[in-house]
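1. sequence first, predicted coordinates after that:
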Amino acid sequence: MVSSDQRRRQLAREKFERQQQRREEARHRTRRLTVIITSAVAVVAVIGGVTYFATGDDGKKDKADPAASASPSASPSASEKSAPEPTMKIDKEAKYTLSLKTGQGDIAFTMDAAKTPHTANSFKSLADKGFFDGTKCHRLTTQGIFVLQCGDPKGDGTGGPGYTIPDENLTALGKAGKDGTVTYPAGTVAMANTGQAHTGGSQFFLVYKDSKLPPTYTPFGTMSEASLKAVEAIGKAGVTGGAADGAPKKAVNISKAAVDKA
């Protein structure tokens, strides 16, 4: 017999998979529309000498869907995936600490560069540029999965650094069970993505209670005990409006992010 808790987790996973499918369909529509618009622009430019441009945001559907905005996923538009990944500059044998100064207390976690060199190098590069400064943790999920999501400069789930990084360390949490999931333990920090392989950017999520998810999200960090307690308190306070997904009631604004060798 399936327990009510197992059923809730199953429904949360199924909802998450539907959201990912909707996002992928939206991205395909955006790409098709961009091709059509680009062709039209070329014709107009030749005939009338008029130059203009148009942009598309495949995150608009998520903005209208509060449930979709709360899963550990990121939906950068095609225009945000044109830059190259940062040049590798970190010590691949070292560990690094990423520290976030927030209005809810300091949150810090350790990254093992030997296991996730691309991810650690990207976070070091972004933090050194002040990329995360002035951003907020825009999503909190309190049912099915238990995560706080951060790292989006737009604050709506569609932002990124302009490049993507490869998935790493995906077997670290063990083999997926019959339900296709593994347990991301409380204290884990993992990369959000679009639902497709190798689409991580700058968005990441902090697991404050054991959560079952497909093993497709790079686990790259471990929170300190004090930091986990801080995130647990944010989770306990709940989501704005009383929903299970959405902006946390306790606003988590990042004033400063820094990455240093541990």
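-> Done, it's in.

2. going by C-alpha atoms from here, please, whenever you check contacts or count neighbours.
-> Will do.

3. next helix or strand past the helix or strand bottoming out on mean pLDDT in the chain?
-> Within the chain, no helix or strand scores below helix 60-63, which has a mean of 37 by mean pLDDT, DSSP states H and E. Using DSSP states H and E, the helix or strand that directly follows helix 60-63 along the chain is strand 95-102.

4. tell me which helix or strand comes right after that following strand.
-> strand 105-112.

5. which residues touch residue 167?
-> Applying CA atoms under 8 Å, 6 or more residues apart in numbering to residue 167 gives the contacts 197-200, 216-218.

6. what of residue 96?
-> Counting by CA under 8 Å, 6+ apart, residue 96 makes contact with 110-113, 120, 259-262.

7. possible to save those as TSV with distance to residue 212 and pLDDT?
-> Converted to TSV, these look like this (distance: CA to CA, whole Å; pLDDT from 0 to 100):
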residue	distance to residue 212	pLDDT
110	22	98
111	21	98
112	22	97
113	25	98
120	24	98
259	28	98
260	30	98
261	31	97
262	29	92
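
8. out of those residues, which is nearest to residue 88?
-> Distance to residue 88 across those (CA to CA) is lowest for residue 120, with 9.6 Å.

9. how near is residue 103 to residue 129?
-> According to CA to CA, to the nearest Å, residue 103 stands 21 Å off from residue 129.

10. same check, this time on residue 196
-> From residue 196 across to residue 129, the span is 27 Å (CA to CA).

11. one more: residue 205?
-> Distance from residue 205 to residue 129, counting by CA to CA: 21 Å.

12. ok now stretch 141-158, how far from the chain's centre?
-> Distance, stretch centre to chain centre, for stretch 141-158: 7 Å (CA atoms, centre = their mean, to the nearest Å).

13. buried ones in that stretch?
-> 141-142, 144-153, 156-158 (16 or more other CA atoms under 10 Å).

14. and for the residue lying closest to residue 113 once chain neighbours are set aside, the neighbour number?
-> Of all residues not flanking residue 113 in the chain, residue 92 sits nearest, at 5.0 Å (CA to CA, 6 or more residues apart in numbering). Neighbour count for residue 92, taken as other CA atoms under 10 Å: 17.
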